[in-house]
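Participant: Structure, please.
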Amino acid sequence: MRSLLPRKRERSAWETSRHTKFLDEVWKVCSSRPEGYRSIVSLLHTCVSHGNLSFETLVVGIQYLVDALADHPDLMMKVLSFLPRECTFRLSSDFDKTRTVYITTPMGTVPRAAFGMIHKDGIHPEPPIVDQLITRLISSALFTVETKVSQETLVSLKGGDATRALQIMNELVESGTKWTQFVARYNVADKRERTFRLLCKLAVASQKFPPTLHIRNIHLPRFAIASGGVGEIFQSTWKGSPIAIKAIRKTSSPEYLQELRKEFFYEALNWWHCRHEYVLPLLGVFPSDVSFVGFCLVLPWMQRGDIRKCAHNLKQQGFQPPLDRWLYELANGLEFLHGKKVVHGDLRACNVLITDDRQPKVQLTDFGLSVFASRMNTSSLHIHGGNTRWMAPEQLRSQGARADPSMDVYSFASLCIEVYTNASPFREMPRNQPDLQIARAILEGVRPMRPIAMGDCIPDDLWALMEHCWSHVPADRPTASVLQVRLKSRLRTA
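Facilitator: As a prediction, this is how the structure comes out:
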C-alpha cells in the first residue's frame, strides 16, 4: 500500500516563517510522495544548520526535490532563496520538454536531467548530465564513510541519470584503463567487484541496461525455430551475420515475475562481462514484449550446433572430431567462469556450442540461465529442464542447494559420455526411466557405466579423471584448474 503523509503538517523548531510558508505549499503537492517531502525538509534543515551542503546531500536533496515537484517549477525556483549563497539554481527554457535543472555549486556548474530522456517529440538523444557528478557519486558510493547513503542515492537514480550512471559504471568495469584512471583520480582502493554489484542493483531498480548492451532494428521472426528450458529461440540477422534471439517464455508462476526480472538483469550483465575465447559472447539485449521479462538475449548463431551434434556429424562424414582438444577448451572456459565466481549450473552438451571457424573451438553458453528453468514449473523433478542425469548428488538432495563450481565439474564427466557416445549418461537405464529413480540411484552412489561398444572407447586415463569428477563428496572432486592441467597433459601425450 502506498504511504501517504499525515493530514496535518508538524512544524519543526528550526523553521522561520519563510520556511513554514514554503513547506506548507510543498506539503500540499507531496501528499503521495512522503520521501520527497522529507528529503526537501532535510535539505532546508541542512542549509539552516550548517550553511553549506555536502556533495551527497546536494545530490540526494535535489533529486528528490525535482522528483517531488516535477509539475511545480514555481516551487522549485523558491528553493533558490534557501540554498547557500555560493549555489545558484535555474531551470532550462525547455523545462516542459526535458525537465532539466541546472545547479551551480563551488564544484562548478552541474546540469542535472532528473527526468531523463523523455521528450515531447520522442527520445532525447543525450541527456545533459555532467559525467563528473555521477562519477563522484559512484566513487562516494564505493569508498567514503557515507557509502550506504551514496549507494541508496545511486540506486534511486531515474531516467537519463540512471542510463548515464549505468553506462559509466559499465565502462569502468569493462575497461582496465578507465578503471585505473578512476582509482588514481579519486585515490581509492580497487573495488571493481563492488562496482559491478552496484551496476546490477541500479539496472534492476531502474529496469534498464547500459546503452552499450542495447541492440535495435532487428527483425524478429514470427515463429521460433526451437525452444529450450528457459524460452524460445528465433533466428535472424544483425550487421550481416546470423544471430540467435533468445526470449524468456511466459512462466506458469506469474508471482515470480519480479524475481525473474531481477535474476535476468544479473545473469545478462554477468554474461556480458564474461568475455573469453571459450565462452559464447552476449552481443546485447533486444527490447521486446515477446520475452516475459521485456528483453531478449542476442547471441551469435552457431551453424555447427552443439558439441555432441557436431562430433556425431563429423564421424558420419568419416572425420575424427578433436574431442580431446574440445574437452580441454571446455575445461579452460570453466576455469575462467569459476575464476569470475560464475557457476554454469546446467553443463550439458547442448550448452556447449562449436564455432564456425576453420579450426572449430568450443564456446560455453546459457550459464546461469538454469535459474529460469527452475521457475517455470512447480514439479521439483523437472525444475532443471530434465537434466537429472547430469546433476551432482548435492543438487538432487536439495532443491535450494547453493551453486558451487564442483557441481559443474561433476556434470563435465557426464558430458564426456555424451561427446564420445552420442548418448546421454545412464544409457544403460531405460530411456523412459522416471527422473525420480535416476535421482535415487545417483544419491545411492550409482554412476554411469563405462561405454565399451558404443561409439569411440573412452581412454583409460580420461575415464579415471571422469570417475574423480564423479566423487560423491564435492570437496574430493578436482577443480576446473586441475581439470584443465590434466586435459592439457593428455593433449601433449596424444
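Participant: OK, contacts around the residue nearest to Cys469 when sequence neighbours are not counted?
Facilitator: Leaving out its chain neighbours, the residue that sits closest to Cys469 by CB to CB, 6 or more residues apart in numbering is Ala413, at 3.8 Å. (C-beta placed from N, C-alpha, C; glycine too.) Ala413 sits next to Leu465, Met466, Glu467, Cys469, Trp470 when contact means CB atoms under 8 Å, 6 or more residues apart in numbering.
Participant: can I get these in TSV with neighbour count and secondary structure?
Facilitator: Below are those laid out as TSV (neighbours: other CB atoms under 10 Å; DSSP: H, G, I helix; E, B strand; the rest coil):
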residue	neighbour count	secondary structure
Leu465	22	helix
Met466	21	helix
Glu467	12	helix
Cys469	23	helix
Trp470	22	coil
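Participant: And the pLDDT for Arg164?
Facilitator: For Arg164, the model assigns a pLDDT of 80.
Participant: mind listing the strands for this structure?
Facilitator: For the chain, strands defined by DSSP state E occupy the ranges 88-91, 101-105, 108-112, 118-119, 122-123, 226-227, 231-238, 241-248, 284-287, 295-300, 352-354, 362-364.
Participant: Of these, which shows the lowest average pLDDT?
Facilitator: strand 118-119 (a mean of 32).
Participant: tally of neighbours for Tyr37?
Facilitator: 21 (other CB atoms under 10 Å).
Participant: Against Thr46, how distant is it?
Facilitator: In this view, Tyr37 and Thr46 are 15 Å apart by CB to CB, to the nearest Å.
Participant: Ok, Leu198 next?
Facilitator: Leu198 is 25 Å from Thr46, by CB to CB.
Participant: quick one, which of these two is more surrounded?
Facilitator: Under the criterion of other CB under 10 Å, the comparison of Leu198 against Thr46 puts Leu198 first, with 22 against 17.
Participant: can I assume the more buried one is in contact with Thr153?
Facilitator: No - using CB atoms under 8 Å, Leu198 makes no contact with Thr153, being 11.2 Å away.
Participant: so Phe412 touches Leu334, yeah?
Facilitator: Yes - if you go by CB under 8 Å, Phe412 and Leu334 touch, sitting 7.0 Å apart.
Participant: Name the residues contacting each of those two.
Facilitator: By CB under 8 Å, 6+ apart, the residues touching both Phe412 and Leu334 are Leu347, Leu483.
Participant: Point me to the residue sitting farthest from the middle of this structure.
Facilitator: Ser17 (49.9 Å; CA atoms, centre = their mean).
Participant: how near is Leu80 to Lys262?
Facilitator: Distance from Leu80 to Lys262, by CB to CB: 39 Å.
Participant: Compare the two and say which is more crowded by neighbours.
Facilitator: More crowded of Leu80 and Lys262, by other CB under 10 Å: Lys262, with 17 against 12.
Participant: Enumerate every residue touching the more buried one.
Facilitator: Val204.
Participant: Show me which helix or strand of this protein is least confident by mean pLDDT.
Facilitator: strand 118-119 (a mean of 32; mean pLDDT, DSSP states H and E).
Participant: Run through the helices of the stretch 151-300 of the chain in chain order.
Facilitator: With DSSP state H, counting those that start in this stretch as the criterion, the stretch 151-300 of the chain has helices at 159-174, 176-186, 192-206, 257-272.
Participant: got a markdown table for those helices, with distance to Leu283 too?
Facilitator: Formatted as a markdown table, those follow (distance: least, CB to CB, whole Å):
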| stretch | distance to Leu283 |
| --- | --- |
| helix 159-174 | 15 |
| helix 176-186 | 22 |
| helix 192-206 | 18 |
| helix 257-272 | 9 |
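Participant: Out of those, point me to the one whose mean pLDDT is lowest.
Facilitator: Across the helices of the stretch 151-300 of the chain, helix 176-186 gives the lowest mean pLDDT, at a mean of 74.
Participant: and the direction of it versus that of helix 159-174, what angle?
Facilitator: With axes from the mean of the first three to the mean of the last three CA atoms, to 10 degrees applied, the angle from helix 176-186 to helix 159-174 works out at 110 degrees.
Participant: For helix 176-186, C-alpha coordinates in PDB please.
Facilitator: What follows is helix 176-186, C-alpha atoms only, in PDB (Å, rounded to 0.1, in the frame of the first residue of the first chain):
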ATOM      1  CA  GLY A 176      41.100  -1.700 -17.400                       C
ATOM      2  CA  THR A 177      42.500   1.700 -18.500                       C
ATOM      3  CA  LYS A 178      39.400   3.600 -17.400                       C
ATOM      4  CA  TRP A 179      39.300   1.800 -14.100                       C
ATOM      5  CA  THR A 180      43.000   2.500 -13.400                       C
ATOM      6  CA  GLN A 181      42.400   6.200 -14.100                       C
ATOM      7  CA  PHE A 182      39.300   6.200 -11.900                       C
ATOM      8  CA  VAL A 183      41.100   4.600  -9.000                       C
ATOM      9  CA  ALA A 184      44.100   7.000  -9.400                       C
ATOM     10  CA  ARG A 185      41.900  10.100  -9.700                       C
ATOM     11  CA  TYR A 186      40.000   9.500  -6.500                       C
END
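Participant: Number of residues surrounding Arg450?
Facilitator: Arg450 has 12 nearby residues by other CB under 10 Å.
Participant: looking at it, it is touching Trp463, isn't it?
Facilitator: Yes - assessed by CB under 8 Å, Arg450 is found in contact with Trp463 at 5.9 Å.
Participant: need the contact list for the residue lying closest to Phe264 once chain neighbours are set aside.
Facilitator: Of all residues not flanking Phe264 in the chain, Val293 sits nearest, at 4.5 Å (CB to CB, 6+ apart). For Val293, the contact set (CB under 8 Å, 6+ apart) comprises Ile248, Leu257, Leu260, Arg261, Phe264.
Participant: go again using 10 Å as the cut-off
Facilitator: 207, 231, 247-248, 251, 257-258, 260-265, 268, 285, 372 (CB atoms under 10 Å, 6 or more residues apart in numbering).
Participant: And Pro210, by the same measure?
Facilitator: Pro210 neighbours (CB under 10 Å, 6+ apart): 163-171, 173-174, 199, 202-203, 269, 272, 284-285.
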